[in-house]
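K.L.:
sequence first, predicted coordinates after that:
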Amino acid sequence: MNRIALAHSAPKRGEGPTPSAAAGAAAQGKPGPWPRVVEGLCPTPQLPPQAPPLYHAVPGRWHPGLGHDVRHTELFASADEASGVALALALAQNMASRHAAAQGDDHRPWLWVQDKTAIRLSGRPYRPGLPEGLRHRLIHVAADKPADALFALEEGLRCRDLAFVIGEMAGNPAALDFTASRRLSLAAQRHDVPLWLVRLSARHDLGSARMRWDVAPAPSAPRRWNPDAPGDPRWQADLFRAHVFQPGQWILGDDSERAELAVFTPDHGGMVSDAGDRSLASVQPAA
Amino acid sequence: MAAWCPTLAIDRWHLCNPPPDACDPLLVLVGETAHGPRITAASAPARAAGAQVGMLLADARAVAPTLVVHPADPAGDRAFLESLALWVQRWGPWSALDPPDGVIVDVTGVAHLFGGEAALMADARACFAARGLRVRLAIAPTAGAAWALAHHGPQCTALADGSDPLIALRDLPVAALRLDHAVLLLLERLGLKRIGDLAVIGRPALARRFRDRRAPAANPLVRLDQFAGRVPEPILPVVAVPTPLVQRRLVEPVRHRDLLDRVVADLAMALARRLESLGQGARRLELGLWKVDGDVLVRRLELAAATRDPAHITRLFAHKLDDCDAGFGIEMVRLCAPWAEPLTLTQVDLEQAAQAHGTSLAACIDRLTVRLGSGAVAMPVPRASHMPEHAQRWVTPDPGRAMQEELAFHARPLKLLDRAEPIAVIYEAPDGLPRLFRWRGSVHEITRAEGPERIAPEWWREKGRARLRDYYRIEDSSGRRFWIYRRGLPGDGRGGAPEWFLQGLCA
């Protein structure tokens, strides 16, 4: 089994940032925190408390970087915020970064399908706010009816030139029954195009997705220079149904320094659960 | 440049039938007419002996009993002239036929490549002489003037660019205007023998006399204008159409039938690809088999309809190859389609192909557009506007579209509502930011906020009453992140109290 320790590279509590690290962060050209803090004017920056960087992959449990062979994922989220789509995009980017490491950069377009209710409730994608590597490749489909949205999703999954497909459907429409869900799963597996279907304000109905998540927003990461401002987004993700992984809860977020999806609060559910045939030593955090 | 081969048919006959000795026979070529054979071309000795073009053969025989008579081949002459017209494109990009025995080349701006017009004509003359063709050449600013010079002027004359042909060539006969015989006879009777005579007679008189003649060859005025370059004279250029051709040189000469079938199948596949790229289908196919001993076997195939199905072609040739004798072996096989017709690409079981290999992006967008309407499939492109809702617009998807990235100074939300929704502020902090607000029936308590980012109205687009906006990125107590703005300032004189709106949902 794979046992990958996620190294957390955030500075430890009480340890001041070295000037070179701060200069490096400024030189990266990331959208800086607001208001801008000129280096040298802020002698002792107050570091917010960080979650301890102790998360170790547990065999049988999901962690970022696993589940890339899953082609159909459903994320249930509220229609009043964007955490469902945001987590879907983060997962897609995570998968794309693995793909890029193996086969070079991916410049294929991707599809975002929304039905009318989803557009009315949660808005349309906004290009300046999309992740940088994705915003110029977006193809958006606004479907009137849920049946049209399902058609668009299936057509997108059958297209070999698309990197991935994101669907957003509100509620539990009659068209999206188990058969439709199964069709999507089969199409995604057959043509090897991943699908993240975001269900806005929907009941957990029958579905054939290989992984089903409940997504809610979590308080964002503290900003280094402006603790009053919202920081990098984090989400509370609850994997309640999966084929190959055990269910669990995590707080996920973009690790801004490694630009990767990371777990900030590990899932404690498995700490005392079945040891199975593995040795208990592997659960121990490595020094 | 006009090139005129006065003895094209005779020269061609000589090229096709090399004389056994150096002596020049009294050669005439005859064509069949209703009144018996009539001379269509005569060599110079024959002309000197009294045989003229247009005479009946019997009359010519009476004058010169030693004539050598051969049938004329006008179709072959025409084909030869067509190949000649392609060949003369070595001196200019466009060439046109000037039947029956001349070609016209457009050498505008080309002469300096050969070292001037005189050098170009010397080169052309040498090349024609090397092919065994007698030629008269001339270069002039218009095609009509070049033709006139080539047929009626001194050999290898170049009329300088910018000189007026009407003045420079006023001494040429009116026959140099490419007119019909009837018109030439009429002008002769009127006493107009030179081009200069026509030029001084005045346009109204010519226009009145020839008012009902539409064809340029029957109207001296039109010919005169074309001659002088006053009206354009489009020439119909000759364009070479390459024959789709594939060939295989074999490493080892093939002596067995099954290997040859394999080669033919490969060739048929390659030819099908070539034809497909040209959008054509073959009507006639030629398979040439070069044998080791230098013999060439040719098998021809004519098809009922244009096709490029390799299996079909292979099957048809299989019957044709039954009687071929490989001898010591076949070392080269060539398959070409001398006659091809346009054949568009057809869909071959679209559904099954899509099932197996997936669709292309264009096909996917087409299907979506057809079912959902043209506006439903779009991609966002940036637009130069400060107003967030106008900073992007939706265009037809085109993944290859070049887009300019813009500098992102401020974080923007992931999604934008189509219409900003008003929020009811329950409690407002003294610095202007609400602490508690109600949106969509639930109460949100702001715990963290960033702002304001002030966006002033675009005065060059909006009315003067538009109010500025102060944007805040906020996070509420449960972690939901929104993008809200206050429209207007208290006391800015553009309406009542400022209102709050929620416009975007952050990641």
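P.N.:
Great, that's in hand. No experiment lies behind these values; they were computed from the predicted model shown. Numbering: from 1, shown residues only, chains lettered A, B, ... in the order given.
K.L.:
need the pLDDT of residue A:269.
P.N.:
Per-residue pLDDT puts residue A:269 at 43.
K.L.:
give me the low-pLDDT residue ranges for the chain?
P.N.:
No chain in the question, so chain A it is. A:1-58, A:256-259, A:265-287 (pLDDT under 70).
K.L.:
ah, no, chain B please
P.N.:
Low-confidence regions of chain B, defined by pLDDT under 70, span residues B:19-24, B:347-356.
K.L.:
does residue B:473 sit in a helix or strand, and which one?
P.N.:
Under the criterion of DSSP states H and E, residue B:473 resides in strand B:469-476.
K.L.:
which other helices and strands contact that strand?
P.N.:
strand B:442-455, strand B:481-487 (3 or more CB pairs under 8 Å, 6 or more residues apart in numbering or on different chains; DSSP states H and E). C-beta here means a position set from N, CA and C on the backbone, and glycine is covered the same way.
K.L.:
and whatever residue of the stretch 51-200 of chain B ends up closest to chain A, how many neighbours?
P.N.:
Nearest to chain A, among the residues of the stretch 51-200 of chain B, is residue B:93, at 40.0 Å (CB to the nearest CB). For residue B:93, the neighbour count with other CB atoms under 10 Å in any protein chain shown is 12.
K.L.:
which residues are in contact with it?
P.N.:
Shown in contact with residue B:93 (CB atoms under 8 Å, 6 or more residues apart in numbering or on different chains): B:106, B:110.
K.L.:
and it, how far from residue B:461?
P.N.:
51 Å (CB to CB, to the nearest Å).
K.L.:
same deal with residue A:72?
P.N.:
Separation of residue A:72 from residue B:461 (CB to CB): 45 Å.
K.L.:
between those two, which has more neighbouring residues?
P.N.:
residue A:72 (25 against 11).
K.L.:
thinking the more buried one is in contact with residue A:183, fair?
P.N.:
No. Using CB atoms under 8 Å as the test, residue A:72 is too far from residue A:183 to be in contact (10.3 Å).
K.L.:
returning to that earlier point: tilt between the strand holding residue B:473 and strand B:481-487?
P.N.:
Put simply, strand B:469-476 runs at 150 degrees to strand B:481-487, going by axes from the mean of the first three to the mean of the last three CA atoms, to 10 degrees.
K.L.:
now the angle between strand B:442-455 and strand B:469-476, please.
P.N.:
140 degrees.
K.L.:
quick check: next helix or strand after the top helix by length along chain B?
P.N.:
Ranked by number of residues, the top helix in chain B under DSSP state H is helix B:257-278. Downstream of helix B:257-278, the next assigned helix or strand under DSSP H and E is strand B:280-291.
K.L.:
show me the helices in the stretch 51-200 of chain A, by range?
P.N.:
Using DSSP state H, counting those that start in this stretch, the helices of the stretch 51-200 of chain A run over A:83-103, A:116-122, A:146-157, A:178-191.
K.L.:
for the second one, the distance to its chain's centre please.
P.N.:
Pointing back at helix A:116-122 there. Centroid separation for helix A:116-122 versus its chain: 21 Å, with CA atoms, centre = their mean, to the nearest Å.
K.L.:
and residue B:151, what is it in contact with?
P.N.:
Contacts of residue B:151 (CB under 8 Å, 6+ apart): B:2, B:4, B:102, B:136, B:175, B:176.
K.L.:
how about the closest residue to residue B:27 other than its chain neighbours, what does it touch?
P.N.:
Spatial nearest neighbour of residue B:27, chain neighbours left out: residue B:43 (4.3 Å); criterion: CB to CB, 6 or more residues apart in numbering or on different chains. Residue B:43 is in contact with B:7, B:10, B:24, B:25, B:26, B:27, B:28, counting by CB under 8 Å, 6+ apart.
K.L.:
show me which of the residues you listed are buried.
P.N.:
Buried positions within the contacts of residue B:43, assessed by neighbour count (16 or more other CB atoms under 10 Å in any protein chain shown), are B:7, B:10, B:26, B:27, B:28.
K.L.:
please tabulate the residues you listed in a markdown table, including the columns secondary structure.
P.N.:
Shown next, in a markdown table, are the buried ones among the contacts of residue B:43 (DSSP: H, G, I helix; E, B strand; the rest coil):
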| residue | secondary structure |
| --- | --- |
| B:7 | coil |
| B:10 | helix |
| B:26 | coil |
| B:27 | strand |
| B:28 | strand |
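K.L.:
right, so the helices and strands packed on strand B:469-476: which one is the most enclosed?
P.N.:
strand B:481-487 (a mean of 24; mean count of other CB atoms under 10 Å in any protein chain shown).
K.L.:
elements contacting that strand?
P.N.:
Short answer (3+ CB pairs under 8 Å, 6+ apart): strand B:481-487 packs on strand B:442-455, strand B:469-476, strand B:499-505.
K.L.:
run the angle between it and helix A:83-103 for me.
P.N.:
Counting by the same axes, to 10 degrees, strand B:481-487 lies at 120 degrees to helix A:83-103.
K.L.:
what lines up beside strand B:481-487 in the sheet?
P.N.:
Applying DSSP bridges, strand B:481-487 is found paired with strand B:469-476 (antiparallel), strand B:499-505 (antiparallel).
K.L.:
give me the contact list for it.
P.N.:
A:81-82, A:217, A:220, A:230, A:233, B:412-413, B:420, B:423, B:432, B:437, B:444, B:452, B:455, B:467-476, B:498-507.
K.L.:
so how far is the longest helix of chain B off the chain centroid?
P.N.:
That offset, for helix B:257-278, works out to 28 Å (CA atoms, centre = their mean).
K.L.:
which outside residues touch it?
P.N.:
In contact with helix B:257-278 (CB under 8 Å, 6+ apart) are residues B:244-248, B:250, B:254, B:281-282, B:285, B:287, B:289, B:308-311, B:313-314, B:317-318, B:321, B:326, B:330, B:333-337, B:340, B:343, B:345.
K.L.:
the stretch 251-400 of chain B: strands as residue ranges?
P.N.:
Assigned strands in the stretch 251-400 of chain B, in chain order: B:280-291, B:296-307, B:330-342, B:377-382, B:392-395 (criterion: DSSP state E, counting those that start in this stretch).
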